[in-house]
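*Asks:* fold the stuff below for me.
(2 chains, ligands or ions: 2)
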Protein chains: 2
Amino acid sequence: MTKIRSDAPCARIRDRSLLARIVSADAAANLIRDGMVVGMSGFTRSGEAKAVPLALARRATTDPLGITLITGASLGNDLDGLLADSGVIRRRLPFQSDARLRARINDGSVMYLDQHLSETVEQLRSGQIPKPDIAIIEAVAITEDGGIVPTTSVGNSAGFATQARQVIVELNTCAPAGLEGMHDIFIPADRPAREPLLLRNPDDRIGTPVIRVARDRISAIVLSDRQDSYANLGDPDDDTRAISHHITAFLEREVRRGALPPSLPPLQAGIGSIANSVLSGLTDAPFSNMTMYSEVLQDSAFDLMDSGKLGFASASSITLSAPRHADVMGRLDHYKDRLVLRPQEISNHPEIVRRLGILAINTALEFDIYGNVNSTHVMGSHMMNGIGGSGDFARNAGLSIFVTKSQAKGGQVTSVVPMVSHVDHTEHDVDVLVTEQGLADLRGLAPRERARLIIDTCAHPDWRDTLSDYFERACQRGGQTPHVLEEAFDCHSTFRTTGSMVRSPARARPAMT
Amino acid sequence: MTKIRSDAPCARIRDRSLLARIVSADAAANLIRDGMVVGMSGFTRSGEAKAVPLALARRATTDPLGITLITGASLGNDLDGLLADSGVIRRRLPFQSDARLRARINDGSVMYLDQHLSETVEQLRSGQIPKPDIAIIEAVAITEDGGIVPTTSVGNSAGFATQARQVIVELNTCAPAGLEGMHDIFIPADRPAREPLLLRNPDDRIGTPVIRVARDRISAIVLSDRQDSYANLGDPDDDTRAISHHITAFLEREVRRGALPPSLPPLQAGIGSIANSVLSGLTDAPFSNMTMYSEVLQDSAFDLMDSGKLGFASASSITLSAPRHADVMGRLDHYKDRLVLRPQEISNHPEIVRRLGILAINTALEFDIYGNVNSTHVMGSHMMNGIGGSGDFARNAGLSIFVTKSQAKGGQVTSVVPMVSHVDHTEHDVDVLVTEQGLADLRGLAPRERARLIIDTCAHPDWRDTLSDYFERACQRGGQTPHVLEEAFDCHSTFRTTGSMVRSPARARPAMT
Ligand SMILES: CC(C)(COP(=O)(O)OP(=O)(O)OC[C@H]1O[C@@H](n2cnc3c(N)ncnc32)[C@H](O)[C@@H]1OP(=O)(O)O)[C@@H](O)C(=O)NCCC(=O)NCCS
Ligand SMILES: CC(C)(COP(=O)(O)OP(=O)(O)OC[C@H]1O[C@@H](n2cnc3c(N)ncnc32)[C@H](O)[C@@H]1OP(=O)(O)O)[C@@H](O)C(=O)NCCC(=O)NCCS
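*Replies:* Numbers count the residues shown, from 1 in each chain, chains lettered A, B, ... in the order given. Ligands and ions are numbered 1, 2, ... in the order given. Just a heads-up that it's a prediction; the model follows:
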């Protein structure tokens, strides 16, 4: 058992009766046994338990074991990669974004359940998937009465902590103490006693600032002093600026005709570079008093707050670049009354998403001429990250926008295809599509009308003739959603064998270029 | 203007000031002009306005016009066919199930918007699609203070009536007066004033028994005496009995292990013969005090009520076979306190579906080895009916089951395919798949695990080797969801050219048969 290294951690464990449960990370990791289901904090690389999983990966090098690892979403500090490489991760849900784990998922050695992020704890709660044996939760403090104060994400931590047989708390002494009070923990009751969620605005609080668990279920407390990883976001480029510009112009038109309020509906923005750039673009747009009801707050959310345009942001986690991290964590007081972090089942809850009429902006890998979106599977088979919360939002949102660059892989790939090679979001859930080329407003249009608009507006000019040619020949076969099935994936198949979707010069670069 | 034909209709127009607005169906149909958006009552062939659309179809033979027709769902009395044939329907949403309209949709002459049924009025309300110029609502009565009492369906009637510039009421004198009091009309407020829906149980009432509109917006009242069409449901056969049996056995296991309550969660069952048979099968199952929170009540709901097993049913419409129609309408008092009809945005509301943890049973045309479901497009292109409410329920349900027979078209078609030719429900929204062959419980399984189980459990034995062969070769290419894209639709393409998915005798009937 380690000794406490300073007074600081003790001060953060305000329930003094728990001080005796402090153990080393290695000791805590030893509580985990082969075959267990482990629920860990962590959401989009923030607020994850750090010391125990590291110790676990170390231990596995000499004492092999495999677990089902459930988290909020992706883990930082290279943990998904380390745990995958050490063979610890046998089954993983509900989201990841790590290159090494991804490789093991795609070679079939890790079983990956890609889930809607609002659903995991519902499935645990109702016994549809096995409950965690152990929960490992990063905390910034333990209150006088044993309440666990999460750090930079809430994710599924509250659900894990209340459902697991035992809880390991990882007290992170370098997480700013100012995070305390920023969380709003609400756990829906078991059915049939489930009540309406009395959350009417993004800034409503419906829960408690801490996760409550019976003291005797806290079996260990581990001290850690590792920081969250920084987000590695690409800078805005001409393409993302163009996408952002198209969206702003569209939203301005909607406000002008009275279909959207001047403050816009509460915003949700997806993960990744493109969504971050798009949201940053709203800094220069003529909307004010905006709010966010989202899953992750990236740099862009703080850009918007600093610009005075964003009044309040609700999410399940904060994931920032290095400079933004130092800045935000250094002056949390400045943001504190404008931020709340919630469990992901609440941040992504269909009930709230529909009630608020969220304006959802998520990212596609590719979309097709009829408006179906692939956000997860490269060339139909290989997992990139996962669907995340995009399905929770897109299905139930008031307005659902998907963005992508019109080409990928240096122009070898068109992101606008005849048929997506994997469907995450069906045309029913997609109102507006945007690339740097333009914006297609699909509302009120039938598939054949969508096709014309998408090809003319969103596709890169180099691919328009190929797509039009497909569409016209498909129409000769008839149907609500015309296809030439035996050619539907020609682009993808060609890419697989040649590294480019371009089949022949004639087809690739037709007349106009 | 017609004269009133009897005292009965007058007695049903209890607001005497409105008697003067009675006109003929032809006169009312003349209020509709070319290019208008018309919102009509009617949901799964029940409660549709009958006289005015018939008059409109007649008028169009000499005075051609085209409209956008929005309804709750499909229309009875051959109206979708007649209006399509007379060229009146230019654009149609959000659902249909008529063979002649379907033909025009698939040849591209009618623009069809296949929508989630909970979303249409939301899109109207927020100005995302054009509001109706005229609403035509079938009613069983108009109350003293001008309230409109719907008949056998509510559908989108309340939304249309409150949003349209003018309202035509079709007073159906042969709809049983006893329907009055059976409706619960609740219209969500415009955002941002939207409140939680305080509906906690299927039998809660949150609205009013009538649709309220300002009197001066009722521009005409038309009398009609046509009945609803009868449902044409196929009788249970060995296959649907087997499906039903598999589901019952599965649910019993879930109850036994405590994952479901002995009364089951509130049930939703899809449309069509298969869903009806499956639900009927629960009559012999050991569950009691069941409730339904569904979209349509078919014969099976009344079978279950009569058996004493179903205590309460909430839906948006009642659609019955001829014998059941006479029976139920003849003794409405018997069912009255066990039934409520709601607007479809409430019957299908994501908020309620999630809160109640609905047990949703819907029908697939085909599903694939990874659990994706096609419920709408035959061979990927040709619209059958539409997604209806299946997406509202499957995404947000507590447990989502899809059923289909393992083969179609006399065994020429396997309903379990390598890749669905169209995706309505992604693997994220599909917990359990059932055919007459067996039941695959997909919860907690990764795609590769799902594939093995689905092939072995759900596919017809004649196709298992073909599917296994595909899957194994796909795995050699790797991926979370392995595919051989250039062969993914071989079955479908072969069917298109040969009328059978069977390519060669060797491939079709392998070793085991
Ligand atoms: C779709 C998603 C991967 C895009 O991420 P991004 O950082 O904005 O976009 P990028 O352009 O950098 O693309 C990411 C990768 O996908 C590749 N890619 C993009 N479009 C592609 C296409 N059409 N075909 C193949 N690969 C493609 C890029 O080349 C890049 O690959 P690399 O990392 O090997 O270079 C990401 O948003 C995601 O995982 N979304 C799903 C989850 C989600 O939406 N959550 C939102 C709720 S919070
Ligand atoms: C899917 C659906 C069409 C099935 O209807 P059903 O009456 O139970 O099933 P049937 O077996 O009679 O099939 C209907 C038709 O589809 C055809 N079909 C079934 N499986 C098929 C397949 N795999 N490939 C091609 N055609 C198929 C049948 O041959 C039949 O065609 P026919 O009418 O020309 O003979 C119907 O449930 C539907 O429209 N669902 C979508 C809407 C919905 O789910 N709403 C639920 C919320 S209330």
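*Asks:* use CA for all of it now, contacts and neighbours both
*Replies:* Will do.
*Asks:* let me see the ranges of the strands in the stretch 101-250 of chain A.
*Replies:* Secondary structure of the stretch 101-250 of chain A by DSSP state E, counting those that start in this stretch: the strands cover A:111-112, A:134-142, A:148-150, A:166-172, A:218-224.
*Asks:* what of the stretch 251-400 of chain A?
*Replies:* Counting by DSSP E, counting those that start in this stretch, the strands of the stretch 251-400 of chain A are A:267-269, A:290-293, A:296-297, A:310-315, A:317-318, A:339-341, A:359-363, A:366-368, A:373-374, A:377-378, A:382-383, A:399-403.
*Asks:* pull the contacting residues for the residue in the stretch 51-200 of chain A positioned nearest to chain B.
*Replies:* The stretch 51-200 of chain A approaches chain B most closely through residue A:106 (3.9 Å), counting by CA to the nearest CA. Residue A:106 makes contact with A:382, A:383, B:478, B:479, B:480, according to CA atoms under 8 Å, 6 or more residues apart in numbering or on different chains.
*Asks:* pipe those residues into TSV and attach distance to ligand 1, neighbour count and pLDDT per row.
*Replies:* Formatted as TSV, the contacts of residue A:106 follow (distance: CA to the nearest ligand atom, whole Å; neighbours: other CA atoms under 10 Å in any protein chain shown; pLDDT from 0 to 100):
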residue	distance to ligand 1	neighbour count	pLDDT
A:382	9	22	98
A:383	9	24	98
B:478	16	18	98
B:479	13	26	98
B:480	14	30	98
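*Asks:* show me which of those residues neighbour ligand 2.
*Replies:* Taking CA under 6 Å from any ligand atom as the test, ligand 2 is in contact with none of the contacts of residue A:106.
*Asks:* farthest pair in these?
*Replies:* Spatial extent of these (CA to CA) is set by the pair A:383 and B:478 at 10.1 Å.
*Asks:* name the single longest helix found in chain A.
*Replies:* helix A:238-256 (DSSP state H).
*Asks:* and it, what's its mean pLDDT?
*Replies:* Helix A:238-256 comes out with an average pLDDT of 97.
*Asks:* check whether it comes near chain B.
*Replies:* No: on the criterion CA under 8 Å from any CA of the partner chain, helix A:238-256 is out of touch with chain B, staying 9.2 Å away.
*Asks:* what is that helix packed up against?
*Replies:* With contacts taken as 3 or more CA pairs under 8 Å, 6 or more residues apart in numbering or on different chains; DSSP states H and E, helix A:238-256 sits against helix A:273-281, strand A:432-435, strand A:438-441.
*Asks:* what's the nearest residue to the residue of the stretch 51-200 of chain A closest to chain B if we skip its chain neighbours?
*Replies:* residue B:479 (3.9 Å; CA to CA, 6 or more residues apart in numbering or on different chains).
*Asks:* right, and the one you found touches residue A:384 too?
*Replies:* No: look at residue B:479 against residue A:384 with CA atoms under 8 Å: they stay out of range, at 9.9 Å.
*Asks:* what does the stretch 151-300 of chain A put close to ligand 1?
*Replies:* So the stretch 151-300 of chain A meets ligand 1 at A:270, A:271, A:272, A:273, A:274, A:275, A:295, A:296 (CA under 6 Å from any ligand atom).
*Asks:* next, count neighbours for the closest residue to the first one other than its chain neighbours.
*Replies:* Distances taken as CA to CA, 6+ apart place residue A:362 nearest to residue A:270, at 4.5 Å, with adjacent residues excluded. Residue neighbour count, defined by other CA atoms under 10 Å in any protein chain shown, stands at 24 for residue A:362.
*Asks:* same check on residue A:212?
*Replies:* Residue A:212 has 18 nearby residues by other CA under 10 Å.
*Asks:* next one: residue A:416 from residue B:420, what distance?
*Replies:* 20 Å (CA to CA, to the nearest Å).
*Asks:* and for residue A:48?
*Replies:* 37 Å.
*Asks:* the more surrounded of these two?
*Replies:* residue A:48 (35 against 26).
*Asks:* can you give me the pLDDT of the spatially most central residue of chain A?
*Replies:* Closest residue to the average C-alpha location of chain A: residue A:388 at 4.7 Å, with CA atoms, centre = their mean. Here, the pLDDT recorded for residue A:388 equals 98.
*Asks:* look up how far ligand 2 lies from it.
*Replies:* 25 Å (CA to the nearest ligand atom, to the nearest Å).
*Asks:* residues contacting that residue?
*Replies:* A:73, A:94, A:95, A:114, A:115, A:116, A:117.
*Asks:* out of the helices and strands packed on helix A:238-256, nearest to chain B?
*Replies:* Nearest of those (CA to the nearest CA): strand A:438-441, 10.1 Å.
*Asks:* rewinding a little: quick one: contacts of the longest helix of chain A?
*Replies:* Here helix A:238-256 has contacts from A:260-262, A:264, A:274, A:277-279, A:281-282, A:285-286, A:403, A:405, A:434-439, using CA under 8 Å, 6+ apart.
*Asks:* pull out the buried members of the residues you listed.
*Replies:* A:260-262, A:264, A:274, A:277-279, A:281-282, A:285, A:403, A:405, A:434-439 (16 or more other CA atoms under 10 Å in any protein chain shown).
*Asks:* circling back: let me have the helices and strands packed on helix A:238-256 in TSV, adding distance to chain B and mean pLDDT as columns.
*Replies:* Formatted as TSV, the helices and strands packed on helix A:238-256 follow (distance: least, CA to the nearest CA, whole Å; pLDDT from 0 to 100):
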stretch	distance to chain B	mean pLDDT
helix A:273-281	22	90
strand A:432-435	11	98
strand A:438-441	10	98
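*Asks:* what's the closest of these to ligand 2?
*Replies:* Judged by CA to the nearest ligand atom, the one of the helices and strands packed on helix A:238-256 that comes nearest to ligand 2 is strand A:432-435, at 24.2 Å.
*Asks:* alpha carbons of that closest one, as PDB, please.
*Replies:* Coordinates of each C-alpha in strand A:432-435 appear next as PDB, following Å, rounded to 0.1, in the frame of the first residue of the first chain:
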ATOM      1  CA  VAL A 432     -29.000  19.100 -44.600                       C
ATOM      2  CA  LEU A 433     -25.700  18.000 -46.100                       C
ATOM      3  CA  VAL A 434     -22.700  20.200 -46.500                       C
ATOM      4  CA  THR A 435     -19.300  20.000 -48.100                       C
END
